[in-house]
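Novice: when you get a sec, could you give me coordinates for this:
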Amino acid sequence: RYALMHRLPNLAKTYYCNVRISLISLESLSLLGKPQWVQRCKCNLYPSFFLSPTETEEFGPVFIHEPDDVIFSLNSDEKKVMLHCEARGNPPPTYSWYVNGTEVDSKTDYRYSFIDGDLIIENASETIDYGRYQCQAENSYGTILSRDALLQFAYLGAFSTRARGEVSVREGQGVVLMCTPPPHSPEIIYSWVFNEFPSFVAEDSRRFISQVTGNLYISKVQPSDVGSYICLVKNSVTNLRVLSPPTPLTLKTDGVMGEYEPKIEVHFPTSVLAAKGVTVRLECFALGNPVPTITWRKINGNIPKKARLRKSQAVLEIPNIQLEDSGTYECKAENPRGGTAFKGHLQVYTLPQWVRMINDTQMDSGEKLQWECKAIGRPRPNYRWLRNGLPLNAKDHVEIVNGELTIHKVQQADSGMYQCVAENKYGAVYSNAELKILASPPLFVTNPVRVIATLGKDVSLECKPRASPKPRITWRRADRKLQPNKRITLLRNNTLKIVNSSRADEGNYVCRAENQLGSAEMTAILWVKEAMRVVLSPSRVEVTVGESVVLSCKATHDTSLDVAFQWFFNQKPIDFQQDGSHFEYIQTQVSTVDLMIRSILLKHAGKYGCRAQTSADTVLTEAELLVRGPPGPPGVVIVEEITDTTATLSWTRGLDNHSPISTYNLQARSPFSLGWQTVKTDPDPVTGDMESAMAVELNPWVEYEFRVVASNAIGTGDPSTPSRKVRTKEAVPAIAPSNVSGGNGRRHELVISWEPVSEEFQNGEGFGYIVAFRANGTRGWKEKMVTSADATMYKYRDETFPPLTPFEVKVGVYNNKGDGPFSKVVIIHSAEGEPREAPSDVKAYSISSSEIRVSWKPPNPGPGRPRAYEVSYWKESEQEESGKKQQTVKNETSMVLTGLEGNNIYLITVKGFNNIGQGPDSSCKRAKTQTMQSLTVLLKQEGRGHIQVTRTINPSTMLSLPEGGTYTIDVRALSEGGEGAFSSQVRVVTSSGEPKSNQCSVHCPPRSLIWTALLLVLVPSASW
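Specialist: The predicted structure is shown next:
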């Protein structure tokens, strides 16, 4: 019974609903007059709809929402309290309410009103309306009561305005300032103000505010504590806050309190009850001098790990408390004068929770009802039963034992709504169920019933009337009562079974059902049809991956019956929408369908089934599809034996996918390889009938993984999963270092270098190098061990051999297994040393007022050849240390010194140097720069070819800039030797004839030039 309901009629679309019906009469569908198998019905529906049971069946009330506890603020602008209750039922239920067991009468008290199942209380008052409320829902099938809902009222009164007396104590003494809160509900939050709002008292190890008593505790009073204290309370529901009158705290002048042992002033009760899942806070604070330290422990157990210490350990907080957190807890206060302790027991209780509930039950009159409900809780819950909202007691045919209810020989009067209530002193839970006692004469929903059987097969005619009590069933055919025989059997469920049906069995069969309330008959019309035959071809086919195939399914059946087809793959229906890229359903004729399988993959191999179905018969036939393809991955690869260069591998044979495996390929991977690499094998090749082989020519002391790949005539398959990592055994190194060379170094040094051997070829632990060398022409080799595997150089120093002594050198390798080969012998010369002689024939002469040319001859050939030269120069009037140095790029033998000051004497020396060090200085030479005669100033505007030339003997000049733009200025000196080099360029940018900025380029003129003080005065003028 389902209805289709929609809300958007403008979105009409076409939908298809697949209906599977084993047997259906078209008469019942108001269609044509012969039985049909309905495979697909096409109907216009709407895309936004849902299925909902039509409310034709009547039933008792069931709560959808039961009332919840309510805390109502008396300060609320909304003066109404609403308790919500909602139930469903057919007929729709009516509601009533009870407060503290007394029914609420809205007729006599105008403050009460009902909206559907909700209770509205106008002008609610704590004195009248506080209590526990229950909602009752009732219809013609029974009555149920809701759980209790507690209505509380939130309010906060005002403190008494009476002035509070002064509290006077000695310094060092403890004190308790009383809050004495006003009337309130529910709990409130306490804090204290010091002197004036909002200066709050900060809690620490010396000061504590109890959230139980509201009092302020100061364990040891100090002079800074003197002042006025005000207790502030806040309602946790209404957030309303009120302040107490101030309490003055003063110090006595008759002395200071001495030290005394702790005294616990505030503590948790000796017995604490807490509901499972809440947060428990245990308080403990002591007065004392010195200030006591608070510690906690759990007797005979450990404090839960989730527990937290708050307020300088004065509060033990346990969140989400559980049964295992129950126990005795102790707080201890200690100072140097002594200690004291307090113990209390924490007990966790739980509300009842259902383990087994009762369910709606329908029974025939006279049967036995047994219901059991079971709940857990601490304390253990008790049980009571309600029927239609009233207590149910044991009597006559009713037995009640705790949560078990038994009713013997139920009668119509026992019908109704039952509730099992499990409760302890902390709460109750309700389990509801409806008991229906059926009493009706027999009724057949479908009558007549048409049954189509297959010739030669068994057929069953069902007889299932609705009736209570159970009816007596008889069968007849053509006014004759059917008697069981070899072919006809009456089953225990009143079904008539006919074995090996034939045409002679066709006809009408009548089932009669009868009880004390009446009788009814149902006619079953039996037709016997020829058996359907289905041929699926080809029945076995082999294809190669990537090919396509068509399977054809043809059914031969009674033409009066419609046939429907369905395709299966490995016993599962094929989803043509999801697998449309490979499978296609093709209807070629009414009784013939094809299955097209395209672009076949290995996973498509298996059994394909075609099921043909009529209202009389269902036949399933299968065909096998074999797919040839590359082999599947071989099984687990095991390393059977490992040596320094070989590994014996074994594996299990994978699927050949209907094409014999021809060869196996062994692959290896190491930290030094680029992915997986094919390795050489013994034997070679590894044929398809083998399941083990040896990988050869591996490197010693290398960690390898191995895998195996199979191939056949179709192609190469996926690799196996890798083997576990294994390391080949150690061996003597087999590869010597390459590119042995050397040279350079300092005097008396022999420097030998080489390319290190890769870790892949070190063949074992303890790898190092043996450096062997001997002077050319001598016999004995000197050998030195280099223990670092990453070393690339060795230096040998001996002051007895002269520079550039030739040596025969070779470098070998070794590891813990022994010595490996040496490299080829090469000739390496020892270091030649720094230059031994100074340059000769040094000459220096001036070529302008700022330049001097220096030239020299190199020292005689021999060890310590210069690679370049360094020229040092300084004024005669200055110290050598303040001079400057310039170096040649290579081994040139001349240089021009620039940036000098005119008409000055310079002293100049030259020395050679190389990679080893510097040689001696040459003798000092004197040279005088020329006197400057004039300056040439070149002015050029960027973007134009014209140059303005100005000559002057003054250190400054005035230039005219005729229009806006960018200008460059160069200055060159003229002396006896001719024109010198240009100074660093100056750039000037102007806009519309007004100077904008002037700036030096990156190469500013050296300060040593006399024209660096040049002043350029920029004056706009007419165009050039």
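
Novice: CA only for contacts and neighbour counts going forward, please
Specialist: Noted.

Novice: which residues touch residue 168?
Specialist: 249-252 (C-alpha atoms under 8 Å, 6 or more residues apart in numbering).

Novice: element containing it?
Specialist: strand 167-171 (DSSP states H and E).

Novice: starting at the chain centroid, how far to the helix or strand that that strand is followed by?
Specialist: Scanning forward in sequence from strand 167-171 by DSSP H and E, the next helix or strand is strand 175-177. Put simply, strand 175-177 sits 53 Å off its chain's centre (C-alpha atoms, centre = their mean, to the nearest Å).

Novice: thinking again about what came up before, for the strand holding residue 168, what is the average pLDDT?
Specialist: For strand 167-171, mean pLDDT is 93.

Novice: CA atoms only for it, dumped as CSV, please.
Specialist: Written as CSV, here are the backbone C-alpha positions of strand 167-171 (Å, rounded to 0.1, in the frame of the first residue of the first chain):
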residue,chain,number,x,y,z
VAL,A,167,35.3,41.1,60.2
SER,A,168,38.6,41.7,62.1
VAL,A,169,41.5,39.2,62.3
ARG,A,170,45.2,39.1,63.0
GLU,A,171,47.7,39.1,60.2
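
Novice: gap between it and the chain center?
Specialist: On C-alpha atoms, centre = their mean, the centre of strand 167-171 falls 60 Å from the chain's centre.

Novice: and what of stretch 345-357?
Specialist: 36 Å.

Novice: can you list the strands that the strand holding residue 168 pairs with?
Specialist: strand 247-256 (parallel) (DSSP bridges).

Novice: what sits up against the partner strand?
Specialist: So strand 247-256 is contacted by 164-173, 177, 223, 225-230 (C-alpha under 8 Å, 6+ apart).

Novice: which of the residues you listed are buried?
Specialist: Buried members of the contacts of strand 247-256, counted by 16 or more other C-alpha atoms under 10 Å: 167, 169-173, 177, 225-226, 228-230.

Novice: may I ask which two of those are separated the most?
Specialist: 172 and 230 (21.8 Å; C-alpha to C-alpha).

Novice: ramachandran coordinates for residue 600?
Specialist: Taking degrees, to the nearest 10, you get phi -60, psi 140 for the backbone angles of residue 600.

Novice: going along the chain, name the strands of the stretch 651-800 of the chain.
Specialist: 661-669, 677-678, 681-682, 686-687, 692-695, 703-712, 726-727, 738-742, 749-755, 768-775, 782-786, 793-797 (DSSP state E, counting those that start in this stretch).

Novice: who does the first one pair up with?
Specialist: The one in question is strand 661-669. strand 677-678 (antiparallel), strand 686-687 (antiparallel), strand 703-712 (antiparallel).

Novice: most packed of those?
Specialist: Burial of those is given as mean neighbour count (mean count of other C-alpha atoms under 10 Å); strand 703-712 ranks first at a mean of 23.

Novice: how far off centre is that one?
Specialist: Computed by C-alpha atoms, centre = their mean, the chain-centroid distance of strand 703-712 equals 35 Å.

Novice: contacts for it next, please.
Specialist: Residues from elsewhere that reach strand 703-712 (C-alpha under 8 Å, 6+ apart): 630-634, 637, 651, 656, 659-671, 688, 716-728.

Novice: torsion angles phi and psi at residue 505?
Specialist: Dihedral angles (degrees, to the nearest 10) for residue 505: phi -80, psi -10.

Novice: any idea how many residues pack against it?
Specialist: 15 (other C-alpha atoms under 10 Å).

Novice: now do residue 142
Specialist: Other residues close to residue 142 by other C-alpha under 10 Å number 20.

Novice: how far away is it from residue 61?
Specialist: The spacing between residue 142 and residue 61, counted by C-alpha to C-alpha, to the nearest Å, is 7 Å.

Novice: what's the closest of the buried ones among the contacts of strand 247-256 to residue 72?
Specialist: Nearest to residue 72 out of the buried ones among the contacts of strand 247-256 is residue 230 (C-alpha to C-alpha; 28.3 Å).

Novice: before we move on, which element is that closest one in?
Specialist: With DSSP H and E as criterion, residue 230 is part of strand 227-235.

Novice: any quick ChimeraX command for the buried ones out of the contacts of residue 168?
Specialist: Here is the ChimeraX command that selects the buried residues among these (16+ other C-alpha under 10 Å):
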select :249,250,251
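
Novice: and the contacts of residue 168 as a markdown table, adding pLDDT?
Specialist: Conversion of those to a markdown table gives the following (pLDDT from 0 to 100):
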| residue | pLDDT |
| --- | --- |
| 249 | 94 |
| 250 | 94 |
| 251 | 93 |
| 252 | 91 |
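
Novice: between the contacts of residue 168, which is nearest residue 532?
Specialist: Set against residue 532, the nearest of these by C-alpha to C-alpha is residue 249 (106.9 Å).

Novice: make a markdown table out of the contacts of residue 168 and add distance to residue 797.
Specialist: Supplementary listing: the contacts of residue 168 in a markdown table, determined by distance: C-alpha to C-alpha, whole Å:
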| residue | distance to residue 797 |
| --- | --- |
| 249 | 90 |
| 250 | 90 |
| 251 | 89 |
| 252 | 91 |
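
Novice: which residues does residue 229 form a beta bridge with?
Specialist: With DSSP bridges as the rule, residue 229 is bridged to residue 194, residue 247.

Novice: what does the model give it for pLDDT?
Specialist: 95.

Novice: excluding its backbone neighbours, what's nearest residue 537?
Specialist: Leaving out its chain neighbours, the residue that sits closest to residue 537 by C-alpha to C-alpha, 6 or more residues apart in numbering is residue 552, at 5.4 Å.

Novice: so how many other residues sit close to that neighbour?
Specialist: Around residue 552 there are 19 residues (other C-alpha under 10 Å).

Novice: what about it, is that helix, strand or coil?
Specialist: strand (DSSP: H, G, I helix; E, B strand; the rest coil).

Novice: for it, which residues are in contact?
Specialist: 536-538, 592-595.

Novice: can you redo those as TSV with distance to residue 786 and secondary structure?
Specialist: Supplementary listing: the contacts of residue 552 in TSV, determined by distance: C-alpha to C-alpha, whole Å; DSSP: H, G, I helix; E, B strand; the rest coil:
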residue	distance to residue 786	secondary structure
536	81	strand
537	79	strand
538	77	coil
592	86	strand
593	83	strand
594	80	strand
595	76	strand
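
Novice: buried ones among these?
Specialist: 536-537, 592-595.

Novice: may I have the residues that are in contact with residue 288?
Specialist: 173-174, 219-220, 259-263, 335.

Novice: an error on my part: the question was meant for residue 769.
Specialist: Neighbours of residue 769 in contact, by C-alpha under 8 Å, 6+ apart: 785-789, 811-814.

Novice: and the nearest residue to it once chain neighbours are set aside, how far is that from residue 974?
Specialist: Closest residue to residue 769 apart from its sequence neighbours, by C-alpha to C-alpha, 6+ apart: residue 813 at 4.5 Å. Taking C-alpha to C-alpha as the measure, residue 813 falls 70 Å from residue 974.

Novice: compare the two and say which one has the larger neighbour count.
Specialist: residue 813 (28 against 21).

Novice: for that one, give me phi and psi.
Specialist: Torsion angles, degrees, to the nearest 10, at residue 813: phi -130, psi 160.

Novice: isn't it up against residue 764?
Specialist: No - the pair residue 813 / residue 764 is not scored as a contact, 11.4 Å apart, by C-alpha atoms under 8 Å.

Novice: which parts of the helix or strand where residue 431 lies are buried?
Specialist: Following DSSP H and E, the helix or strand that holds residue 431 is strand 427-438. Neighbour counts over strand 427-438 (16+ other C-alpha under 10 Å) mark 428-438 as buried.

Novice: pLDDT value on the most centrally placed residue in the chain, please?
Specialist: For the chain, the residue nearest the mean C-alpha position is residue 306 (25.2 Å; C-alpha atoms, centre = their mean). Reading off the confidence values, residue 306 has pLDDT 94.

Novice: OK, contacts around it?
Specialist: By C-alpha under 8 Å, 6+ apart, the neighbours of residue 306 are 318-319.

Novice: low pLDDT regions in the stretch 51-200 of the chain?
Specialist: 51-56 (pLDDT under 70).
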